[in-house]
Structures are given as structure tokens and as C-alpha cells.
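Novice: Give me a model of this one.
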Amino acid sequence: MKKTPAKSVQAGAPSPGVDAYIAALPEPQRAALENLRQAIRRAAPGASEQLSYHIPTYKQNGWLVAFAAFASHLSFVVMREALVNEHAAELKGFKISGTSIHFSPEKPLPQDLVMKLVKARVRENGLNAKK
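Specialist: Alright, predicted model coming up:
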């Protein structure tokens, strides 16, 4: 399969590729991922939004977070397993697979938790960028 280079969008701007990704989903998934997207953008207004490996991805001083839709679940990817482990108590009731948190439109991730995880990733990437 030929890999298409990711097209990054200016920090804070919506990506047409991400718009199309979300628009192609059935309504329950579309609404859930649009809510997730808005929480990510509020928590990381300086992040660029793009499709990378065919999924919506956010970058700020490196990879930040991503999300994806699958037939049986939605995933929020925080890129660092230790961060998932640090918030295990708050994630109780959600299936975890490495750096991915699985959820559904019927049981979405709490917006405040999403924002907390994204802000943690922004801090981590900022510290790594200074090294």
C-alpha cells in the first residue's frame, strides 16, 4: 500500500481531512468523535490537526494524541502507556489496549478527562522539546 504523506493544517485550524473522516461515519460515532475532537482542540489550541496513518492525529512538539473509529468501538490514543496507567482509576470501566482507550457513543469518555490527558501530553511534549 502506498503511504500518502500527511498534510498538516495550521495549529488550531480544523483539517479538511479530519472533517471528511468524521463526516463519513454513522451518526452516533460522528457525534461522539466530534465531541472528542472539540475537547482535544480546547485542551491543545496550539496543536496541528491532520490525518496520519489514515486517522485523525494531533501534533505539538511531536505526536500528541489521536482517535479512530472501528466497527465495534471508538479509540482515543494518548501515545504513552504510562499516562494511561497513571489515570487507571479514572478510566475504570473503559477497555484499555496499550496506549488506546476504547469507548462507545453510548459511553463516551468524560470531556474533563480527555482535556486532562491532552494537557498532560502537551506538557510532556513541551518538556521533551526543551531537552
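
Novice: packing partners for the lengthiest helix in the chain?
Specialist: The longest helix of the chain (DSSP state H) is helix 111-130. Secondary-structure packing of helix 111-130 (3 or more CB pairs under 8 Å, 6 or more residues apart in numbering; DSSP states H and E): helix 27-43, strand 63-69, helix 81-86. In short, each C-beta sits where N, CA and C put it, glycine included.

Novice: and of the ones you listed, who's closest to Pro110?
Specialist: Checking the helices and strands packed on helix 111-130 against Pro110 by CB to CB gives helix 27-43 as the closest, at 9.1 Å.

Novice: in the closest one, what counts as buried?
Specialist: Neighbour counts over helix 27-43 (16 or more other CB atoms under 10 Å) mark Gln29, Arg30, Ala32, Leu33, Leu36, Arg37, Ala39, Ile40, Arg41, Ala43 as buried.

Novice: Quick one: work out the angle between that helix and helix 111-130.
Specialist: With axes from the mean of the first three to the mean of the last three CA atoms, to 10 degrees defining the directions, helix 27-43 sits at 50 degrees from helix 111-130.

Novice: tell me what the next helix or strand after helix 27-43 is packed against?
Specialist: Sequence-wise, the next helix or strand downstream of helix 27-43 (DSSP states H and E) is strand 48-52. Packing contacts for strand 48-52, counted by 3+ CB pairs under 8 Å, 6+ apart, involve helix 16-23, strand 55-59.

Novice: Mean pLDDT, distance to Thr99 and mean neighbour count added to these, as JSON lines?
Specialist: Compiled in JSON lines, the helices and strands packed on strand 48-52 are given as follows (pLDDT from 0 to 100; distance: least, CB to CB, whole Å; neighbours: other CB atoms under 10 Å):
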{"stretch": "helix 16-23", "mean pLDDT": "94", "distance to Thr99": "19", "mean neighbour count": "16"}
{"stretch": "strand 55-59", "mean pLDDT": "97", "distance to Thr99": "13", "mean neighbour count": "22"}
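
Novice: of the ones you listed, which approaches Asp112 most closely?
Specialist: strand 55-59 (17.9 Å).

Novice: This completes my enquiry, with thanks.
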